[in-house]
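*Asks:* model the structure of this input:
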Amino acid sequence: MKRILLKRTCLILSAFLLFSCTKKNTEKIGSDVPNHHVIITYLTTGNKPKDSGTSEMLEKLNERLTKLVNAELVIYYIPWNNYQTNYNLKLTEKDGSIDLIGTATDWLDAWKNAALGNFMPLPDEMLQKYAPRTWESVSKEHWDVCRMNGDIYLMPEDNYTQWTNHGFMYRLDWAKEAGFSNGVHSWEDMTKYLSYVKKNKNVIPWHSNGASSTFHPEGYICSKSDFIVADGITSTNMFGTRKSNMKKFYSPLYEGNELVEYAKLMRTWNQNGFWPKDVLTNNSGYIDNREEFCAGNTGIEQHHCQTWYTQVYNKLKNNVPGADSGFFWFGEESQNVVYQTITHGAMAVSAASKHPERALMVYDLLRNDKECYELINYGIEGVQFRRNASGLRESIPGSHGIVTNYWWGRNDGLEVRDTGTAWDVFDDINAVYNKCKIDYPFSQIVWDLSKVSSELDEVASIYGQYMGNICYGQNPDPEQYVAEFRRDLKNAGIEKVIAEFQRQLDSFYANKR
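*Replies:* Numbers count the residues shown, from 1 in each chain. Presented below is the predicted three-dimensional model:
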């Protein structure tokens, strides 16, 4: 009997000790949260603001963060000038000076940085514990998109509707004068429209600055074919597949006739004087074409669809009585539009973060807490923004705005619609895109660039040497110039690059069976 009692006592004691150890270990993971204050540094791309609006907002935000998780947020900005290089260099330092990192798989080398060990792998259990609302709101399928070799490295901006496909904003009222009663819907229409502007409006049809404007042949190629860009390989969108054959990897810049036809058309645009003669060389007298467009002083502006309906549409109408604008989206002719990957904006945790658990807690609040969300995105209500009678957000005249460039965790459930956006236009273009869009088909492929990194660098260098002249029609014989470009791409190893990514694409499809 004594043995039985002793045995039971030992079992109870063992269980108690096990429970105590488990409790102690659990507390060890998270018990420091309320006990000491930490600073979480968030890295984003963009120029540091010069006025006091952002610091005022951060003071208010940090009161709430301190109350909830005993932390405060500091923002580290990577200026736009040479941002790609400086961004990657900062991440490689891994000195513990940053915690949260705004990133993207299609324009900020997210997978490359994960492979280099610059991002911290985030175990499922860690996310469940320290970012529980984010964990619950992201579907399993979307978390799987954020994995590399089984580990989650990114928290996706997957609950925010935006259209970052490019196109031309144009003066719809002028287009109607030119005979396009239903607007401009092809590159041929656009050429005729710009000719009309040149002859009749006493403005430069497109006051483009070649050194700063975003203009690639991808827009023409997607309009005249069913090309789909493969994200995460190059920022110049040189590679991908066709929508009609998503198992064949290729580069329309290396094969096909679309680039030749594009080069010919751009030569025509140049000869017709659609942009300044010194478009590629005059950097001293920079003119902001978007501001010129909104002021009625030029005929087109090229950028995201979202830029059109959030920044340009209403501003033009307010600035120029009777003016109206339309949007010719690249791919419209072939109904070719791909909804962006959910990691077009994403948040990562630095591999060298000293407080990764607290960083996740802060992110969870920025993404899901109404007060924190509005502060980081809009500023202080009553100081920097207010709601009008319709509930729409508007800035307060004379106030300093904020610059946080928080593009990594926006949430449709907490968004406050603003007076600057043309929401009827947004709803209309959404309906158009929803009829023909496809989801990005390769979001679960982490392209391995390591075996062809030197070739990719050479290919990118060749692209930089030729593309400005092609896009702005600076070469007298476009067909011959494209042939020379392709010859140099071949010498740089583009065929090896294509073969390597074809192998990876084949492997992706083989594993899906």
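*Asks:* show me where the stretch 101-250 of the chain has its helices.
*Replies:* Remark: helices assigned in the stretch 101-250 of the chain by DSSP state H, counting those that start in this stretch are 110-115, 124-130, 132-137, 140-145, 172-177, 187-200, 218-224.
*Asks:* for E374, which of the ones you listed is the nearest?
*Replies:* helix 132-137 (16.0 Å; Cβ to Cβ). All C-beta spots, glycine's among them, are computed from the backbone N, C-alpha and C.
*Asks:* which elements pack onto the closest one?
*Replies:* helix 124-130, helix 356-368 (3 or more Cβ pairs under 8 Å, 6 or more residues apart in numbering; DSSP states H and E).
*Asks:* possible to save those as TSV with distance to P217, mean pLDDT and mean neighbour count?
*Replies:* Shown next, in TSV, are these (distance: least, Cβ to Cβ, whole Å; pLDDT from 0 to 100; neighbours: other Cβ atoms under 10 Å):
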stretch	distance to P217	mean pLDDT	mean neighbour count
helix 124-130	40	97	16
helix 356-368	37	98	24
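*Asks:* S52: which of those is closest?
*Replies:* helix 356-368 (21.1 Å).
*Asks:* follow-up on the earlier one: among the helices and strands packed on helix 132-137, which is nearest N182?
*Replies:* Short answer: helix 356-368, nearest of the helices and strands packed on helix 132-137 by Cβ to Cβ, at 40.9 Å.
*Asks:* run through who's touching that closest one.
*Replies:* The contact list for helix 356-368 (Cβ atoms under 8 Å, 6 or more residues apart in numbering) reads 29-30, 33, 38, 40, 42, 64-65, 68-71, 73, 99-100, 120, 122, 126-127, 129-134, 137, 155, 347, 349, 353, 372-373, 376, 406, 409, 411, 414.
*Asks:* and the next element down the chain from that helix?
*Replies:* Counting by DSSP states H and E, the element after helix 356-368 in chain order, helix or strand, is helix 370-378.
*Asks:* show me what that following helix is packed against.
*Replies:* So helix 370-378, by 3+ Cβ pairs under 8 Å, 6+ apart, packs with helix 53-69, helix 356-368.
*Asks:* list the buried residues of that helix.
*Replies:* C372, Y373, E374, L375, I376, N377, Y378 (16 or more other Cβ atoms under 10 Å).
*Asks:* among these, which two are most distant?
*Replies:* C372 and Y378 (11.3 Å).
*Asks:* hang on, the earlier thing: distance to T419 added to the helices and strands packed on helix 132-137, as a markdown table?
*Replies:* Shown next, in a markdown table, are the helices and strands packed on helix 132-137 (distance: least, Cβ to Cβ, whole Å):
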| stretch | distance to T419 |
| --- | --- |
| helix 124-130 | 36 |
| helix 356-368 | 24 |
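*Asks:* count the residues that sit near F328.
*Replies:* Using other Cβ atoms under 10 Å, F328 is surrounded by 23 other residues.
*Asks:* return the residues in contact with it.
*Replies:* Per Cβ under 8 Å, 6+ apart, neighbours of F328: G167, F168, Y170, G183, V184, H185, S186, D189, M190.
*Asks:* nearest residue to the third one in space, please, no chain neighbours.
*Replies:* Closest residue in space to Y170, ignoring its immediate chain neighbours: I300 at 4.9 Å, by Cβ to Cβ, 6 or more residues apart in numbering.
*Asks:* tell me the contacts of that neighbour?
*Replies:* F168, M169, Y170, R171, M190, L194, P205, W206, F293.
*Asks:* and for T307?
*Replies:* M169, R290.
*Asks:* any idea which element it lies in?
*Replies:* Per DSSP H and E: helix 305-307 holds T307.
*Asks:* show the average pLDDT along that helix.
*Replies:* Across helix 305-307, the average pLDDT comes to 93.
*Asks:* how about stretch 276-292?
*Replies:* On average, stretch 276-292 scores 82.
*Asks:* other residues contacting that stretch?
*Replies:* 204, 206-213, 298, 301, 303, 307, 311-312, 468-469, 472, 474.
*Asks:* are any of the residues you listed buried, and if so which?
*Replies:* Buried, going by 16+ other Cβ under 10 Å: 204, 206-210, 213, 298, 301, 303, 307, 311-312, 469, 472, 474, out of the contacts of stretch 276-292.
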